[in-house]
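1. starting from these lines, generate the structure:
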Amino acid sequence: MKTTTIILLSLGLMLLSGCGSKKNTVNSSSSPYSTLGYGLTQQQANDIESLKSHYPCSGQYSQGAQRIADVTFSSTTPVGSGGYLPSGALQLGGHASGNVTAVYAGVSNFNDIIVVKTLSGGGFTVSLSFCTYQYWISAGATVTNFMLQSGKLTNPSACSYGGVVANNTIAQISSAQSQIPTSFYPVSCQNSQYNNYNTWY
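-> Okay, here's the model as predicted:
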């Protein structure tokens, strides 16, 4: 009986230890900021998620192109005066704290999507939705590192979100052996037409 009790207690401690370890693990895929629409109003979330259908991964750059898993990076450094984004590498995961105060979106020439959310805690998050690209970004790949070079947030009045201009960002992709530069431009939702503009910055 005593042996049985010790075994049961040991198993109980192992289970509690395992649950505690899992709870404290930081993982960008489980972060509440890892989805494009999280923390937004219903209208904003619908508009942001609809960008994937308005800017599908076409086959002009890669046969059968598709989106890889969305991923979120963050910075505790606040956005500068005039909406200028601070340069430098971002941290994988939604580590910046606070409620979403504003959201901004942009697309690349390859229909990759970037969504920037400013937070009440002073920092911001950057969520990315990349398309596969022959020889560089394969299906099942993930963005493991992301760096901003220069960028600015804009506020078109006709949309539920602002625009993102981010020139020559650097992304490290798990399926590539080198870093991939990508530039993003704002999208316009005026009159239900989604177009990217390259002259806002």
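2. any idea what the residue most central in space within the chain is bridged to?
-> The residue lying closest to the centre of the chain (CA atoms, centre = their mean) is Ser127, at 1.1 Å. Ser127 has these beta-bridge partners by DSSP bridges: Thr72, Val115.
3. can you verify my assumption that it contacts Leu40?
-> No - assessed by CB atoms under 8 Å, Ser127 is found out of contact with Leu40, at 11.0 Å. C-beta coordinates here come from the backbone N, C-alpha and C atoms, glycine included.
4. report the set of residues contacting both of the two.
-> Lys117 (CB atoms under 8 Å, 6 or more residues apart in numbering).
5. related to what we said a few turns ago, tell me which residues touch the residue nearest to the centre of the chain, please.
-> Per CB under 8 Å, 6+ apart, neighbours of Ser127: 33-36, 70-73, 114-117.
6. Ala166: which of those is nearest?
-> Within the contacts of Ser127, proximity to Ala166 (CB to CB) peaks at Ile114, which comes in at 6.2 Å.
7. longest strand of this structure?
-> Counting by DSSP state E, the longest strand found in the chain is strand 162-173.
8. next helix or strand past that one?
-> Counting by DSSP states H and E, the element after strand 162-173 in chain order, helix or strand, is strand 179-188.
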